[in-house]
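A.B. asks: missing the sequence, but the structure's below:
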C-alpha cells in the first residue's frame with residue numbers, strides 16, 4: 001500500500017471526508033441535504049452497493065426454509081445492489097442539482113437506509 005498512487009489516497013480521503021454527515025441530518029426530517037452530502041452518499045453507494053448481495057443472502061438464510069430464503073435473498077440482494085449502485089451513480093452525476101424544497105432522498109422514498117451497511 002506504500003506504493004499507492006497519491007491520487008488513490010486523495011480519492012479515499014475525499015470519500016471519507018464527504019461522507020461525514022452532520023448529526024442533525026440523522027435526527028431532523030426537514031434537513032435539506034447539501035450538494036456535497038449528495039455527492040458523498042452517491043460515491044459511497046456507487047462503490048459499496050455490492051454489500052447488499054451478501055447482506056440480503058444472510059437475511060434470507062434466517063428464513064425457516066433455507067433454500068427458499070437463500071434464493072429470495074440472492075434475488076433481492078442482486079436487485080438491491082443494482083438499485084443502490086444505480087442511485088449512487090445518479091446522485092454522483094447530479095450532485096450539483098439540489099433537491100426541491102421538502103423532497104426526500106431517493107432512499108427514503110424506497111424505504112431503504114442511506115447506506116448499505118445500516
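C.D. replies: Now that the structure is in, tell me what you want to look at. All figures in this text were calculated on a predicted structure; none of them were measured in a lab. Numbers count the residues shown, from 1 in each chain.

A.B. asks: residues in contact with stretch 55-64?
C.D. replies: For stretch 55-64, the surrounding residues in contact (Cβ atoms under 8 Å, 6 or more residues apart in numbering) are 69-74, 76-77, 80, 116-117. Bear in mind the C-beta positions are built from the backbone N, C-alpha and C, glycine included.

A.B. asks: Just the buried ones from those residues?
C.D. replies: Among those, those buried by neighbour count (16 or more other Cβ atoms under 10 Å) are 69-70, 72-73, 76-77, 80, 116.

A.B. asks: any idea which of those is the one closest to residue 10?
C.D. replies: Of all the buried ones among the contacts of stretch 55-64, the one with the least separation from residue 10 (Cβ to Cβ) is residue 116, at 23.7 Å.

A.B. asks: Can you read off the pLDDT for the residue lying closest to the closest one once chain neighbours are set aside?
C.D. replies: Leaving aside its sequence neighbours, residue 116 sits nearest to residue 51 (Cβ to Cβ, 6 or more residues apart in numbering; 3.9 Å). With respect to pLDDT, residue 51 scores 93.

A.B. asks: From what I see, residue 51 and residue 117 are in contact.
C.D. replies: Yes - if you go by Cβ atoms under 8 Å, residue 51 and residue 117 touch, sitting 6.1 Å apart.

A.B. asks: I'd like to know which elements the top helix by length along the chain is packed against.
C.D. replies: Counting residues, the longest helix found in the chain (DSSP state H) is helix 66-93. Under the contact definition 3 or more Cβ pairs under 8 Å, 6 or more residues apart in numbering; DSSP states H and E, helix 66-93 sits against helix 35-48, helix 52-60, helix 106-109.
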